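Visitor: for reference, the sequence and a predicted model appear below.
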Amino acid sequence: MKIKKGDNVVVISGKDKGKEGKISKAFPAENKILIEGVNVSKRHQKTRKAGGKGEIIEFSRPIHVSNVMIKDNKTGKRTRIGFKLIPGKKLRIARKTGSEI
């Protein structure tokens, strides 16, 4: 997976197409990521105390990695990710501008 926690991404397909956000958690085994404010679901929760009220909770659900692209730091637009080998390091770069991510 080329995308990591903390990256800024743009959703390119699905119901949240065009939304931007920061990755809060990555699930490499399932190829999914959790983005703040994207793919929000609602769940009705019963009361836990007698006489209390139930509530509706909103939470983000994971989205597949193929539905997002990383946001370039220089241009602010979406871009693909490439790799550049420097002795002792493997850097991620933006394909459009060549800048380091």
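Guide: Structure's in. What do you need? Numbering: from 1, shown residues only.

Visitor: show me what the one helix or strand Glu58 maps to is packed up against.
Guide: In this assignment (DSSP states H and E), Glu58 forms part of strand 55-60. Packed against strand 55-60 by the contact rule (3 or more C-beta pairs under 8 Å, 6 or more residues apart in numbering; DSSP states H and E) you find strand 40-45. No exception for glycine: its C-beta is placed from N, CA and C like everyone else's.

Visitor: direction included, what does the strand it packs on pair up with?
Guide: According to DSSP bridges, strand 40-45 forms sheet pairs with strand 55-60 (antiparallel).

Visitor: the longest strand along the chain to strand 55-60, inter-axis angle?
Guide: Using DSSP state E to define each element, the chain has its longest strand at strand 20-27. Calculated by axes from the mean of the first three to the mean of the last three C-alpha atoms, to 10 degrees, strand 20-27 forms an angle of 90 degrees with strand 55-60.

Visitor: just the buried residues of strand 20-27, please?
Guide: With burial defined by 16 or more other C-beta atoms under 10 Å, the residues of strand 20-27 counted as buried are Glu20, Gly21, Ile23, Ala26.

Visitor: who does the second one form a beta bridge with?
Guide: Same thing as Gly21. With DSSP bridges as the criterion, Gly21 is bridged to Val9.

Visitor: one step back: elements contacting the helix or strand that comes right after the strand holding Glu58?
Guide: Once the chain leaves strand 55-60, the next helix or strand it forms, by DSSP H and E, is strand 63-64. Using 3+ C-beta pairs under 8 Å, 6+ apart, the elements in contact with strand 63-64 are strand 32-35.
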